[in-house]
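In: Return atomic coordinates for the entry below.
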Amino acid sequence: MAGALAGAAFGIFCSSVWELSDASGIARLALVTVLSTSAMTAWLVLTNGLWECPTGRNSRRFSRLHNMATLLTVSTGVAIMFMLLCAATLLGACVVIPTSYLSSKLGHSAGLSDFVTLAWPAACLGTLAGALGSGLADEGAVRRAAFSHRERERQDRRAATDDRTGP
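Out: Below you'll find the model as predicted:
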C-alpha cells in the first residue's frame, strides 16, 4: 500500500499528470483504470503463486474453480483498494493544490470535477506502483490475505497427498 500511496502522491505533485487528465476523456480514464487494476491483479496472482495448475485427473475442474475464486477475491480487493486510493488522492489533491493554481495550469476555471479527474489517473499510477511494491511482500502474507484458514488447510492436505502419490 505504501508504494500505491507514493505513486499517487507523485501524480498529485506532477502538473503534467494534471494536464493529461484534463485532456483525457472519461472513456480513456476508464480504460486506464481497467488496465492498471488488471495489471495489479495479475501481478499479485502470478508473483505470489496463487494460480493453481491441475496436478491430477480430477483436479482440472477444481483448479478452474479455485482460480476463478482467486481472481474474484483478488480483483475485488484491488478494486476496493483502488477506490480507497482514489478517495485518499482526491482528499490529498484538495488539501495540497490551491484551486487558483490548478486553474492557471489547466487554463480554465477549476472545480471539484477537475480535482476528481486529477486524482483518478494519479490513483491509476499509484495502483501500478503498488503492484510493483507488492513484490516486496512475503508470499505467505499474501496467501493468508487471499485464502481463508480452511482453504489453506485443504491446500496443505492436497499438496501432501500429491507428494505421496507422485506425478
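
In: Now Gly11: which helix or strand?
Out: Taking DSSP states H and E as the criterion, Gly11 maps to helix 2-13.

In: List the buried residues of the helix or strand just after that helix.
Out: Note on helix 2-13: by DSSP H and E, the next helix or strand toward the C-terminus is helix 15-23. Residues of helix 15-23 classed as buried by neighbour count (16 or more other C-beta atoms under 10 Å): 17-18, 20-22. Every C-beta, even on glycine, is put in place using the N, C-alpha and C of the backbone.

In: cool, and stretch 114-126?
Out: 114-126.

In: Kindly report the same for stretch 8-15.
Out: Going by neighbour count (16+ other C-beta under 10 Å), the buried part of stretch 8-15 is 8-9, 11-12.

In: of all the buried residues of helix 15-23, which comes closest to Arg61?
Out: Ser21 (44.4 Å; C-beta to C-beta).

In: Tell me which residues touch the closest one, please.
Out: 29, 117-118, 120-122 (C-beta atoms under 8 Å, 6 or more residues apart in numbering).

In: how about 7 Å then?
Out: If a contact means C-beta atoms under 7 Å, 6 or more residues apart in numbering, then Ser21 has 117-118, 120-121 as its contacts.

In: Can you add distance to Phe82, pLDDT and secondary structure and give the residues you listed back as TSV?
Out: Below are those laid out as TSV (distance: C-beta to C-beta, whole Å; pLDDT from 0 to 100; DSSP: H, G, I helix; E, B strand; the rest coil):
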residue	distance to Phe82	pLDDT	secondary structure
Thr117	15	89	helix
Leu118	16	89	helix
Trp120	10	89	helix
Pro121	12	90	helix
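
In: can you redo those residues as a markdown table with distance to Ser103?
Out: Output for those, formatted as a markdown table (distance: C-beta to C-beta, whole Å):
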| residue | distance to Ser103 |
| --- | --- |
| Thr117 | 14 |
| Leu118 | 12 |
| Trp120 | 18 |
| Pro121 | 19 |
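
In: sorry, back to before: please identify which of the buried residues of stretch 8-15 is nearest to Leu84.
Out: For the buried residues of stretch 8-15, the nearest to Leu84 is Ala8 (10.6 Å; C-beta to C-beta).

In: Just the pLDDT at the closest one, thanks.
Out: pLDDT recorded at Ala8 is 81.

In: Same check on Ser38?
Out: Value for Ser38, per-residue pLDDT: 93.

In: Ala30 now?
Out: As predicted, Ala30 sits at a pLDDT of 94.

In: hmm, who's touching the helix or strand hosting it?
Out: Using DSSP H and E, Ala30 sits within helix 26-47. For helix 26-47, the surrounding residues in contact (C-beta under 7 Å, 6+ apart) are 51, 70-71, 74-75, 78-79, 82, 117, 120-121, 124, 127-128, 130-131, 134-135, 142.
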